[in-house]
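Asks: Model the following, please.
(chains A and B)
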Number of protein chains: 2
Amino acid sequence: MADRGVEILCVGTELLLGSILNGNARWISERLACLGLPHYRQTVVGDNEERLKSAVLESADRSSILITTGGLGPTPDDLTTASLAAAFDTPLDERPELWREIQDKLGSGGRPVAASNRRQAFLPRGADVLPNPLGSAPGMIWSPRPGFTIITFPGVPSEMRAMWSATAEPWLRLHGGAAGIFASRQLRFTGIGESNLAEQVTDLFEGNNPTVAPYASLGDVKLRITACAADPMAAESLLDPVEADLLRRAGQYCYGRDDDSLASVVLQLLRDAGETLAVAESCTGGGIGAAISAVPGCSDVFLGGVIAYSNAVKQKLLSVNPKLIETHGAVSDPVVADMAQGVRKITGSDWAVAVSGVAGPGGSSPDKPVGLVHLAVAGPDGCVAAAERFGGRRGRDAVQQLSVIRGLDRLRLRLLNRLPMSQS
Amino acid sequence: MADRGVEILCVGTELLLGSILNGNARWISERLACLGLPHYRQTVVGDNEERLKSAVLESADRSSILITTGGLGPTPDDLTTASLAAAFDTPLDERPELWREIQDKLGSGGRPVAASNRRQAFLPRGADVLPNPLGSAPGMIWSPRPGFTIITFPGVPSEMRAMWSATAEPWLRLHGGAAGIFASRQLRFTGIGESNLAEQVTDLFEGNNPTVAPYASLGDVKLRITACAADPMAAESLLDPVEADLLRRAGQYCYGRDDDSLASVVLQLLRDAGETLAVAESCTGGGIGAAISAVPGCSDVFLGGVIAYSNAVKQKLLSVNPKLIETHGAVSDPVVADMAQGVRKITGSDWAVAVSGVAGPGGSSPDKPVGLVHLAVAGPDGCVAAAERFGGRRGRDAVQQLSVIRGLDRLRLRLLNRLPMSQS
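Replies: Here you go, the predicted model:
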């Protein structure tokens, strides 16, 4: 029962040095909100036994559940498990089955297993193993005092997330003591800024059940709707009218829900139509292809394409007319349209997305500033090209990411609308 | 004097809901590290007076300086200033000059100034104003107890940073009492696990000045060396012997330092040799190209390449011999070598990296399990292909990322060694 709330304690000197962003705290916070568990405090301490012990003991007096990340590795500055045991005067016992598992995992590549990894097989007496399906560092679920439970995770985000989903979340659903059954859904939007979207739905942010909360990241805004009720069906039925209301107001910007990505949505639209896709990328250098390839099972739709970073590759592989590059520059509608048509032709795909832009910081000119990106979508019904201006202040990485997002979204809108337009 | 250290307290329910990343904590942490100020703890609490007061009073017993962000706005859930005053039983006084300033700032656009903004002109008795050159929310520098100073900032990152640079940093330089000048360097390693690397240098982790600390992420381990001395030159000269020692022990795995990436190192090696690069990617779908394109100024080296996701594209664009695919499968040394040679030929590049693998979760067979990836590097002195087994448990994303890393590292090692080997 998390009646005194759940706390997060992130352990790592790299966080105190500012070497890395605390993405784990954000991710766990979001998951706790979905579970309907009260979460009042987050703490970060370094790889220091005394400070770690103090933080844990303070939390034990204040909260029902403490979730820790970091400090489970095999190196001498990985102190979490030993410090927790010391804080509650509990001995560490070796778990032989854990040591065997660690050896199996690390030894599978034929590499020798470092002796230091053996430390990871020790847990406080009475603690349950929280299995790590991806890495060597197991976590634990341990109640060193009545009414206080510690759940430990490694700091590596992929491992933490896999462990959360497989074991910790089911445990928290059962033992977290949320005040009812929570159901939540998220709608994903692109092509609209967070504040503009918020303005259209601001009154819904005031609701208590369901609640609506925005989560913004580059080029993407999620609205999460969360409802609490006595049973799952009642909770779901609270969500329906709010979702319908959100879609009525801003549905044209909504590309998907929950775990959808722009790429997965586009792939599904093409799969449903029995059509295929290729890409021709200049300033993104393969980023659109990588986003598509990130989706499991994309091979029935995605054929591949050309990374046409240099003008010579644009001409030779994509048959872009050199006069177009001379006249309009490589960052222009005619060139990007030729790229899209070219890749469609050589791969035999039904559809193609092409991009050419000034990602910066160099390569700009007065009429082609950093952040100017031209995108084209070619399909059975023609090719449409147009420019986007992402601005130069955001940096190269953001211009490239936004190019990927806009390219995929243009294709999505084109597939949804199937407008028989032609240009170039 | 920050002899008991500096703490950061971030105030905002949006942080506890996971709506936003705590970028302020990271930014301030990095600034504190540069100033050489000891920083042992970060806390996040929501917009709640009682919890905010507890957090501040705990910090007063533990630290010399507390830096807060958030909760300085005009709305009812902006509680930081009032809660701090209440925590130390100090009355709030209106500062007429602040109220005039706020009216000037907010009224300048012709907008009426909301009465709620008047709250922002109240500060605890005895506090100094920390001016906000960008927004309406001023901060403060206040010592409610001898030996304990609170510095408050708004949560808006641009305002916080401007106030930090203009006023807080000079104050901290004067009053923070840093024990010296800090210098730090990081060495980046790949091709070796964190624990194996740690084992080779474990005695160096025990050092106090310089300190050595590892930071691991997928396929990559950094070792950060930090030294403190009376002046920058002395600090740097403390770093040199430790760096040399680390390189002596594990130099063959070290690909760069500080802000280097594998891609930037490879690009520089090629640039120095006046050579060019192309890629041919199957299971990574453009990820190698995207990693290379992430480096500003890559266009003098990187020509582009082919995303050969389908076998048809492998054959048509890269002239891969269909019999090789039939006999050995697309995930094999002969095919990946043909891909590398093919892309080198059609782009006219000096070097090429090619990859073909089973990223999963589908597409595997008994002799081609998920995680099996074949990589080839082709150059003026021949083509070498070999397999990597990343294992199926890590997930598609990790297999793709590791393929990118290993592909670039293979090229790096090849360029460093220039071995005239030939295969395929």
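
Asks: A:Ile67 is in contact with A:Gln28, correct?
Replies: Quick fix: residue A:28 reads Ile, not Gln. Yes. At 6.0 Å, A:Ile28 counts as touching A:Ile67 under the criterion of Cβ atoms under 8 Å. Backbone N, C-alpha and C define where each C-beta goes, glycine included.

Asks: Specify the beta-bridge partners of A:Thr226.
Replies: Taking DSSP bridges as the rule, A:Thr226 bridges to A:Ser184, A:Thr211.

Asks: what about it, how many neighbours?
Replies: A:Thr226: 23 surrounding residues under other Cβ atoms under 10 Å in any protein chain shown.

Asks: Would you mind measuring from it to A:Tyr215?
Replies: From A:Thr226 over to A:Tyr215 the distance is 12 Å, taken as Cβ to Cβ, to the nearest Å.

Asks: quick one: common contacting residues for A:Ile28 and A:Ile67?
Replies: Shared contacts of A:Ile28 and A:Ile67, defined by Cβ atoms under 8 Å, 6 or more residues apart in numbering or on different chains, comprise A:Ile8.

Asks: Compare those two (neighbour count), which wins?
Replies: For the pair A:Ile28 and A:Ile67, the greater number of neighbours falls to A:Ile67 (29 against 25), based on other Cβ under 10 Å.

Asks: can you tell me which residues contact that one?
Replies: Taking Cβ under 8 Å, 6+ apart, we find A:Ile67 in contact with A:Val6, A:Glu7, A:Ile8, A:Leu9, A:Ile28, A:Ile150, A:Ile151, A:Thr152, A:Phe153, A:Ala168.

Asks: So which of those residues reach chain B?
Replies: Filtering the contacts of A:Ile67 for neighbours of chain B using Cβ under 8 Å from any Cβ of the partner chain leaves A:Ile28.

Asks: Most neighbours among the contacts of A:Ile67, which one?
Replies: A:Phe153 (30 neighbours).

Asks: does that one really touch A:Ala162, like I thought?
Replies: No. At 9.9 Å, A:Phe153 does not count as touching A:Ala162 under the criterion of Cβ under 8 Å.

Asks: Show me what the lengthiest helix in chain A packs onto, helices and strands only.
Replies: Longest helix in chain A, counting residues (DSSP state H): helix A:396-417. Counting contacts by 3 or more Cβ pairs under 8 Å, 6 or more residues apart in numbering or on different chains; DSSP states H and E, helix A:396-417 packs against helix A:262-273, helix A:287-293, strand A:351-357, strand A:372-379, strand A:382-389.

Asks: can I get these in TSV with distance to A:Ala244 and mean pLDDT?
Replies: Compiled in TSV, the helices and strands packed on helix A:396-417 are given as follows (distance: least, Cβ to Cβ, whole Å; pLDDT from 0 to 100):
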stretch	distance to A:Ala244	mean pLDDT
helix A:262-273	20	97
helix A:287-293	30	98
strand A:351-357	31	98
strand A:372-379	30	98
strand A:382-389	31	96
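
Asks: among these, which is nearest chain B?
Replies: Among those, the nearest to chain B by Cβ to the nearest Cβ is helix A:287-293 (2.4 Å).

Asks: That closest one vs chain B: in contact?
Replies: Yes. Contact of helix A:287-293 with chain B (Cβ under 8 Å from any Cβ) involves A:Gly287, A:Ile288, A:Gly289, A:Ala290, A:Ile292, A:Ser293.

Asks: Can you check what angle separates the helix or strand just after that helix from strand B:302-308?
Replies: Note on helix A:287-293: by DSSP states H and E, the next helix or strand toward the C-terminus is strand A:302-308. Between strand A:302-308 and strand B:302-308, the angle comes out at 170 degrees (axes from the mean of the first three to the mean of the last three Cα atoms, to 10 degrees).

Asks: okay, now the domains of chain A?
Replies: Structural domains assigned to chain A are A:6-175, A:181-257, A:262-417, following automatic domain parsing.

Asks: Can you check which of the helices and strands packed on helix A:396-417 gets nearest to B:Gly46?
Replies: Nearest of the helices and strands packed on helix A:396-417 to B:Gly46, taken as Cβ to Cβ: helix A:262-273 at 32.5 Å.

Asks: For the closest one, give me every contacting residue.
Replies: Here helix A:262-273 makes contact (Cβ under 8 Å, 6+ apart) with A:190, A:255-256, A:276-277, A:291-292, A:294-295, A:298, A:300-302, A:350-351, A:405, A:408-409, A:411-412, A:415-416.

Asks: Output that helix in CSV with nothing but the alpha carbons.
Replies: What follows is helix A:262-273, C-alpha atoms only, in CSV (Å, rounded to 0.1, in the frame of the first residue of the first chain):
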residue,chain,number,x,y,z
LEU,A,262,4.8,8.0,-37.1
ALA,A,263,6.8,5.3,-38.9
SER,A,264,4.6,2.5,-37.6
VAL,A,265,1.4,4.3,-38.6
VAL,A,266,2.8,5.0,-42.1
LEU,A,267,3.9,1.4,-42.5
GLN,A,268,0.4,0.1,-41.5
LEU,A,269,-1.3,2.5,-43.9
LEU,A,270,0.9,1.2,-46.7
ARG,A,271,0.6,-2.5,-45.6
ASP,A,272,-3.2,-2.1,-45.7
ALA,A,273,-3.0,-0.8,-49.2
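
Asks: Just the buried positions in it, please.
Replies: A:Leu262, A:Ala263, A:Ser264, A:Val265, A:Val266, A:Leu267, A:Leu269, A:Leu270 (16 or more other Cβ atoms under 10 Å in any protein chain shown).

Asks: quick one: is the helix or strand that comes right after it near chain B?
Replies: Using DSSP H and E, the next helix or strand after helix A:262-273 towards the C-terminus is strand A:277-281. Yes. With Cβ under 8 Å from any Cβ as the measure, strand A:277-281 is seen reaching chain B through A:Ala278, A:Val279, A:Glu281.

Asks: quick one: which of the residues you listed has the most company?
Replies: A:Val279 (37 neighbours).

Asks: Spell out which parts of the stretch 101-250 of chain A neighbour chain B.
Replies: Residues of the stretch 101-250 of chain A found near chain B (Cβ under 8 Å from any Cβ) are A:106, A:108-109, A:111-112, A:114-117, A:133-134, A:136, A:156, A:158, A:162, A:213-216.

Asks: among the residues you listed, which ones are buried?
Replies: A:106, A:114, A:116-117, A:134, A:136, A:156, A:158, A:162, A:213-216.

Asks: Could you tell me which of those residues belong to strands?
Replies: Mapping these onto strands (DSSP state E) picks out A:Ala213, A:Pro214, A:Tyr215, A:Ala216.

Asks: Quickly name whichever of the contacts of A:Ile67 is closest to A:Ala198.
Replies: Nearest member of the contacts of A:Ile67 to A:Ala198, counting by Cβ to Cβ, is A:Ile28, at 24.3 Å.

Asks: nearest spatial neighbour of the closest one, skipping sequence neighbours?
Replies: Nearest non-adjacent residue to A:Ile28, counting by Cβ to Cβ, 6 or more residues apart in numbering or on different chains: A:Ile8, 5.5 Å away.
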